[in-house]
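> need a 3D model of the following:
(chains A and B)
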Amino acid sequence: MNESARHRLSLVLLAVALLLIVSAWYYAFLAAPTERTMGTIQRIFYLHLPAAFLSFLAFFVVFVGSVAYLTTRRIGWDWAAASAAEVGVVFCAAVLITGPLWAKPVWGIWWTWDARLTTTLILFLIYVAYLMLRLYVTDAERRARLAAVVGILGFVDVPIVYMANRWWRTQHPEPVIAGGEGSGLDPRMWWGVLWAFAGLLTFASLLFFQRYRMEAMRAELTQLARRLRR
Amino acid sequence: MEIGLKHLFYAFAIVWALLLGYVFSLARRQKQLADELENLKKSSARRSD
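Purely as a prediction, here's the structure:
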């Protein structure tokens, strides 16, 4: 893809993301009803939940990219894994920021070491470690191999985070989506979640493509520098 | 301001500041790489002349 086509695609993605995010805000702040027990603060849900699902999705891409790199040894898979890891860490940070801001008025505490919260923090730290590992290993092939191993092992925590409030009694509420009997959402709340997820997903895709491009540029730079040194 | 509303505002403001910060960091790093690439291409062209 040439430079101008890439630029056009980025602009289109940005416009679509903004449109979807504005629609999500409409549903989150105006159309969706106020939750009965928590009140206004529950509207953090429209940011907290899509950010959590996006971080899971990003870490799944890291997992797929890592497996694909180890089987094919094509460096593009490593670039995809690295890009997804960085985007995933940003969204996981968003979850860890919105969670305590939601918890304080509802539970009276910012944080507790319950299974859902602790495994989410561990998930964040695993992928921060993944990115740090990439910074410290200079040889591209060794970096890709080691990062792929961490990318595969680290993903084990994603299903644990997802299942934590199903397996253990936690301070974190029971799941409202795909939960047991009595769980579920008002249809207007569903729309808020769906628009927010679609908007953030489009925005995250844009970030992913830009980050991937950076990896490609870095590889070109290394290659050119090596050629000049000869 | 109602406490819930205050926390809701902080949550949205902080997360969007985080996302914008990340966008700026990506743009800055990309620009840095593009400049380095440009410089190397120039030196490579000078060498081959």
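
> who touches the helix or strand containing A:Val150?
Here A:Val150 sits within helix A:140-154, counting by DSSP states H and E. The contact list for helix A:140-154 (Cβ atoms under 8 Å, 6 or more residues apart in numbering or on different chains) reads A:59, A:62-63, A:65-67, A:69-70, A:75, A:78, A:81-82, A:85, A:123, A:126-127, A:129-130, A:133-134, A:137, A:219, A:222. The way it works is simple: take the backbone N, C-alpha and C, and place the C-beta from them, glycine included.

> may I see the PyMOL selection of the buried members of those residues?
Under the burial definition 16 or more other Cβ atoms under 10 Å in any protein chain shown, those of the contacts of helix A:140-154 that qualify are selected in PyMOL by:
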select buried, chain A and resi 59+62+63+65+66+67+69+70+78+81+82+85+123+126+127+130+134
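
> out of the contacts of helix A:140-154, which are inside helices?
Among the contacts of helix A:140-154, the ones falling in helices (DSSP state H) are A:59, A:62-63, A:65-67, A:69-70, A:75, A:78, A:81-82, A:85, A:123, A:126-127, A:129-130, A:133-134, A:219, A:222.

> flag the shaky bits of the chain, pLDDT-wise.
Since you didn't name a chain, this refers to chain A. Applying pLDDT under 70 to chain A flags residues A:177-183.

> the intended chain is chain B.
B:1-3.

> which positions in it make contact with chain A?
B:2-5, B:7-8, B:10-12, B:14-15, B:18-19, B:22-23, B:26, B:29-30, B:33-34, B:36-37, B:40-41, B:43-44, B:47 (Cβ under 8 Å from any Cβ of the partner chain).

> buried subset of the residues you listed?
Buried among these (16+ other Cβ under 10 Å): B:4, B:7-8, B:11-12, B:15, B:19, B:22-23, B:26, B:33, B:37, B:40.

> quick one: which of those residues sit in helices?
B:4, B:7-8, B:11-12, B:15, B:19, B:22-23, B:26, B:33, B:37, B:40.

> residues near the closest residue to chain B within chain A, how many?
Chain B sits closest to A:Ile41 of chain A, with a gap of 3.5 Å, by Cβ to the nearest Cβ. By other Cβ atoms under 10 Å in any protein chain shown, 23 other residues sit near A:Ile41.

> so what's it up against?
Counting by Cβ under 8 Å, 6+ apart, A:Ile41 makes contact with A:Trp102, A:Pro105, A:Val106, B:Ile3, B:Gly4, B:Leu5, B:His7, B:Leu8.

> how about these, which pair is most distant?
Greatest spatial distance among these (Cβ to Cβ): A:Val106 and B:Leu5, at 13.5 Å.

> just give the nearest non-adjacent residue to A:Ala225, would you?
Nearest in space to A:Ala225, with sequence neighbours left out and distances taken as Cβ to Cβ, 6 or more residues apart in numbering or on different chains, is B:Leu40 at 6.1 Å.
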